[in-house]
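Peer 1: Structure, please.
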Amino acid sequence: MAQVLLFPSVLGVRQGVTDLADALAAAGHGVTTLDPYDGETFDDYASGMAATKSVGDEALHAQALAAAQGLAAPFVAVGFSVGGATAQWVAAQCPDTVRGVVMVGGGVPMRFLEATWPPGVPGQVHVTSEDPFHEEDRQFDDEVQDDVEHAGGEFTFVEYQGAGHLFTDPTLRAEYQPEEARIFTRRVLEFVATVG
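Peer 2: Modelled structure (predicted):
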């Protein structure tokens, strides 16, 4: 059994996050879902980004670090969209206890987080091939891979067909891709079981 920290996108803890949490729990893992918005969710990215800015990076990081340090066992960090960057940051702060990082919708180079990838820790990026958000940041894929591999970790880049950014969320009709969501969940369960 592993401990898993889940970090939502700027849209909050929506069904795409809770579905993964349920699947992980059903597989016997301990799951902690961080909710920086105190239960509030958003239907558009502009509103979510505004809420995220009002919370601030310092508070987001403090919450993430407190959660990681409060676990009694090593953990795997999983983040959706902007939550992926938080997952990367908290992993860098906890090199002795983090066992893996999953970034959904793309990762960011560690230089932007003013941190370094934890030694030997594997990382996975899951994106869709035509995600407009990822298209803007595609130039960072190689740099994220370099961050992971230069630290001695195994890097996996998984690209699904389609254009959904939060493609695992059934409540986002324009983005949800049920078959890809099923494959994603299976891959995350396999990853957590292997590294956790």
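Peer 1: Which helix runs longest in this protein?
Peer 2: helix 178-195 (DSSP state H).
Peer 1: By mean pLDDT, which helix or strand of this structure comes out lowest?
Peer 2: Scoring the helices and strands of the chain by mean pLDDT, DSSP states H and E places helix 132-137 at the bottom, with a mean of 80.
Peer 1: mind listing what's buried in that one?
Peer 2: By neighbour count on 16 or more other C-beta atoms under 10 Å, the buried set for helix 132-137 is F133, H134, D137. Heads up, the C-betas are built off the backbone N, CA and C, glycines and all.
Peer 1: ok, for V102, nearest residue in space, not its chain neighbours?
Peer 2: Counting by C-beta to C-beta, 6 or more residues apart in numbering, V78 is the residue found nearest to V102 once chain neighbours are left out, at 4.2 Å.
Peer 1: does the one you found count as helix, strand or coil?
Peer 2: When the structure is reduced to helix, strand and coil (DSSP: H, G, I helix; E, B strand; the rest coil), V78 reads as strand.
Peer 1: Could you check the pLDDT of it?
Peer 2: At V78, the predicted lDDT confidence score is 98.
Peer 1: my guess is it meets V104, correct?
Peer 2: Yes. Under the criterion of C-beta atoms under 8 Å, V78 makes contact with V104 at 7.3 Å.
Peer 1: before we move on, back to that, and for the longest helix of the chain, what are the contacting residues?
Peer 2: Contacts to helix 178-195, defined as C-beta atoms under 8 Å, 6 or more residues apart in numbering, come from residues 2, 4, 16, 19-20, 23-24, 27, 29, 76, 78, 99-100, 102, 104, 122, 124, 126, 128, 156, 158, 160-162, 164, 167-168, 170.
Peer 1: before we move on, back to that, send over the least confident helix or strand of the chain as CSV, restricted to the C-alpha atoms.
Peer 2: Below are the C-alpha coordinates for helix 132-137, written out as CSV (Å, rounded to 0.1, in the frame of the first residue of the first chain):
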residue,chain,number,x,y,z
PRO,A,132,-4.4,23.6,-26.4
PHE,A,133,-2.9,24.3,-22.9
HIS,A,134,-0.1,21.8,-23.5
GLU,A,135,0.5,23.1,-27.0
GLU,A,136,1.7,26.4,-25.4
ASP,A,137,4.1,24.5,-23.1
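Peer 1: Beta-bridge partners for the residue most central in space within the chain, please?
Peer 2: Most central in the chain under C-alpha atoms, centre = their mean is G79, positioned 1.4 Å from the mean C-alpha point. For G79, the beta-bridge assignment (DSSP bridges) gives partners F7, M103.
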